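Peer 1: okay, structure incoming, though there's no sequence with it:
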DNA sequence: CTTGACCTTCCAGTTACTGGAAGTGTTATC
DNA sequence: GATAACACTTCCAGTAACTGGAAGGTCAAG
């Protein structure tokens, strides 16, 4: 398979696939004309990568997961640990965004949004300092 | 004020403050020895920037907000629009993370995490392909 | 007069790609 | 067989928003 077909079947842009080769996540064969030649197994790995990235795993996580994926003697505990760490990170990020969201929504709702210069959003952003 | 003091009072790292000067968000004066010399007004701007960044506004948003902040004739509608756009972006991000989180939590909870090689997390990541 | 804290600039690295240029290979049409 | 359209190649640069570190100048204290 050429890269275009793999891109279509895996859902990853060709650019991204080349990048993944650059950083050593995959190592497709080469034809005599220099074109990359992908096996079904490469396609599987790329689909795996796409799913893992969509679930928020970092590239380094993916590298570790791929190694475990290919190691038939791995323990599922290793995988679970990586997944759990990632889950904690995601939870933290959600909490942070939620609090940002609440503050911002509060500000937006009390701003009249008219043509006058008084704006509670800017007032709030400007505060913080000044009060002892 | 020197940069160290401003860093402490604004809560922003000195590196970040220099970076903000680089990209033109602030323009502190200079002393004859080359040191930056910050006014109270610079400190206010930096605190403003810190708060806005913490609320998820991009640097370009901040640039626009700063211009509005300094324009006494601005309309609060402009500010509100920027804030609302940001709110939508945040909501989308939260929804995305939430769905990631749910999938991942499901996988984690059904993985025994023992020393055996069968792991539902890897199985799920590997799937997706193969099914017609 | 030296030590150490603080300041300066500049260069490089981070994350995970993405865009674009310049050149080669393949395929379809006339 | 020429030509056009398109796929593929590499390489360079850029994104966002900083962060780390090297090499060197300045300043206050002891």
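Peer 2: Received it, and whenever you're ready, just let me know what you need. Keep in mind the model is a prediction, meaning the values are calculated, not measured.

Peer 1: do the longest helix that chain A contains and chain B meet?
Peer 2: Longest among the helix segments of chain A by residue count, using DSSP state H, is helix A:76-109. Yes. Using Cβ under 8 Å from any Cβ of the partner chain, helix A:76-109 reaches chain B at A:76-77, A:79-81, A:83-84, A:86-87, A:90-91, A:93-94, A:97-98, A:100-101, A:103-105, A:107-108. In this view, the C-beta of every residue, glycine as well, is placed from N, C-alpha and C.

Peer 1: what angle separates that helix from helix B:76-109?
Peer 2: Helix A:76-109 runs at 160 degrees relative to helix B:76-109, counting by axes from the mean of the first three to the mean of the last three Cα atoms, to 10 degrees.

Peer 1: re the thing from before, please list which of the residues of helix A:76-109 next to chain B also come close to DNA strand D.
Peer 2: With Cβ under 7 Å from any atom of the strand as the criterion, these include none near DNA strand D.

Peer 1: ok, of those residues, which come out buried?
Peer 2: A:76, A:79-80, A:83, A:86-87, A:90, A:93-94, A:97, A:100-101, A:104, A:107-108 (16 or more other Cβ atoms under 10 Å in any protein chain shown).

Peer 1: any regions of chain A where pLDDT drops low?
Peer 2: A:72, A:126-132 (pLDDT under 70).

Peer 1: tell me how it divides into domains.
Peer 2: Using automatic domain parsing, the domain ranges for chain A come out as A:1-56, A:75-132.

Peer 1: near DNA strand C at all, the first one?
Peer 2: Yes. Contact check for domain A:1-56 against DNA strand C, using Cβ under 7 Å from any atom of the strand: residues in range are A:13, A:15-16, A:19, A:33-34, A:53.
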